[in-house]
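>>> okay, here's the prediction I keep looking at, along with the sequence it came from:
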Amino acid sequence: MRRKMKFKEIRIDGIELSPANVRKADVEEGLDELARSISEIGLQQPVVVYQEDEKYKLIIGQRRYLACKKLGWQRIPALIRHVESETEARIVSFSENIHRLDLDYRDKMRVAAELRKSLKSVNKVAQRLGVSGQTVRNYLGYEGVPERLKELVDQRKISAQTALAISRSVPEEDKAVQIAEKVREAPTSERRRNLIEVAKENPEKSADQIAALAQKQKFRQITLNLTPRVAGALEAACPAYQGEPKDIATEALEEWLGRRGFLK
């Protein structure tokens, strides 16, 4: 039987996280971008709570709730649901999370490209979507690479792939151009890739300092044997993501390790 829910704006300080909420990992990831999105276009979906004594217990929408708190909201739209027990609340929370699908990356790329055509600016697209300019550049691929880096590609000083990698790793355009010059001087592809990675990890350092750090680093090589299915998926990702298999695999591995707390 479908349970009725009552819509109401409730005070944020009257909400507590329910122990039944199943989302525990990666709660803070992307929270600033979510807050920017809510600030720009509003909260598109209310949170779901149940009432226990004088408090409301949150079971769906934890990240939305935290983002609205970050924005300083006093009240938040909520659906108040009746639950018989904490077990039922946990089932509701799990069902919402397991059936929710993130927007496909190809759809994000398409939307970003369409908005850039109409808004004429990466920064304007970022502002309207409530995400960072770097996130929009990632969606856009080479189309989002700054013009000064594209000029280096046209002059055959760096490859389009290198320009894209630098753009994704170094948001500041002037510094990105300086890093491109350093990358151009690197003797091997491993050194070039490492320099870009060091730039990404040390945004506060100058191009000269980054080059010096990259020069000191040593490499460790690990060979991975992939199943045909995984290898095929990796190859299929290359044109969509505009990257080489080794670069995409490295980025995916770094993201996986970072999300699980192994990569500091």
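Nice, thanks for sending it over.
>>> lowest average confidence, helix or strand, in the chain?
Ranked by mean pLDDT, DSSP states H and E, the weakest helix or strand in the chain is helix 86-99, scoring a mean of 68.
>>> return the set of buried residues in the helix or strand hosting residue 110.
Assigned by DSSP states H and E, residue 110 belongs to helix 105-119. Judged by neighbour count using 16 or more other CB atoms under 10 Å, the buried positions of helix 105-119 are 108-109, 112-113, 115-116. For glycine as for every other residue, the C-beta is placed from the backbone atoms N, C-alpha and C.
>>> what is the nearest of the residues you listed to residue 84?
Nearest to residue 84 among those, counting by CB to CB, is residue 108 at 39.1 Å.
>>> return the set of residues that bridge with residue 16.
residue 57 (DSSP bridges).
>>> ok, now how distant is it from residue 58?
Note on residue 16: its distance to residue 58, by CB to CB, to the nearest Å, is 7 Å.
>>> more neighbours: the two, which one.
residue 58 (24 against 12; other CB atoms under 10 Å).
>>> what distance do you get for the more buried one to residue 70?
Remark: distance between residue 58 and residue 70 (CB to CB) = 15 Å.
>>> again, but for residue 228
Counting by CB to CB, the gap from residue 228 to residue 70 is 45 Å.
>>> those two: who's more crowded?
The residue with more neighbours, out of residue 228 and residue 70, is residue 70; 15 against 7, by other CB under 10 Å.
>>> how about that one, phi and psi?
According to degrees, to the nearest 10, the main-chain angles of residue 70 amount to phi -60, psi -30.
>>> likewise residue 130?
Phi and psi for residue 130, reported as degrees, to the nearest 10, are phi 70, psi 30.
>>> let me see the contact set for it.
Neighbouring residues of residue 130 by CB atoms under 8 Å, 6 or more residues apart in numbering: 33-41.
>>> what do you get if the cut-off is 10 Å, keeping everything else the same?
Taking CB atoms under 10 Å, 6 or more residues apart in numbering as the criterion, residue 130 is in contact with 32-42, 67.
>>> and it, what pLDDT?
For residue 130, the pLDDT comes out at 70.
>>> same check on residue 182?
According to the predicted model, the pLDDT of residue 182 comes to 91.
>>> now the closest residue to it other than its chain neighbours: which helix or strand?
In space, and not counting its chain neighbours, residue 182 is closest to residue 211: 4.7 Å by CB to CB, 6 or more residues apart in numbering. Assigned by DSSP H and E, residue 211 belongs to helix 207-216.
>>> ditto for residue 69
helix 62-70.
>>> C-terminal to that helix, what's the next element?
strand 75-81.
>>> residue 251 is in contact with residue 164, isn't it?
No. With contact defined as CB atoms under 10 Å, residue 251 does not reach residue 164; the gap is 11.7 Å.
>>> the more surrounded of these two?
Between residue 251 and residue 164, counted using other CB under 10 Å, the more crowded position is residue 164 (25 against 15).
>>> the more buried one - that's part of a strand, no?
No. Under the criterion used here (DSSP: H, G, I helix; E, B strand; the rest coil), residue 164 is helix, not part of a strand.
>>> check contacts around it.
The neighbourhood of residue 164, defined by CB under 10 Å, 6+ apart, consists of 137-138, 140-145, 149, 153, 158, 241-243, 247.
>>> what separates the nearest residue to residue 181 once chain neighbours are set aside from residue 179, distance-wise?
The shortest distance from residue 181 to any non-neighbouring residue, by CB to CB, 6+ apart, is to residue 207 (7.5 Å). According to CB to CB, residue 207 and residue 179 sit 6 Å apart.
>>> need the residues touching each of those two.
Residues touching both residue 207 and residue 179 by CB under 10 Å, 6+ apart: 170, 195, 199.
>>> state the mean pLDDT of stretch 36-55.
Rounded mean pLDDT across stretch 36-55 is 85.
>>> same deal with stretch 221-239?
Average pLDDT, stretch 221-239: 85.
>>> residues of that stretch that come out buried?
Of the residues in stretch 221-239, 234, 237 count as buried by neighbour count, 16+ other CB under 10 Å.
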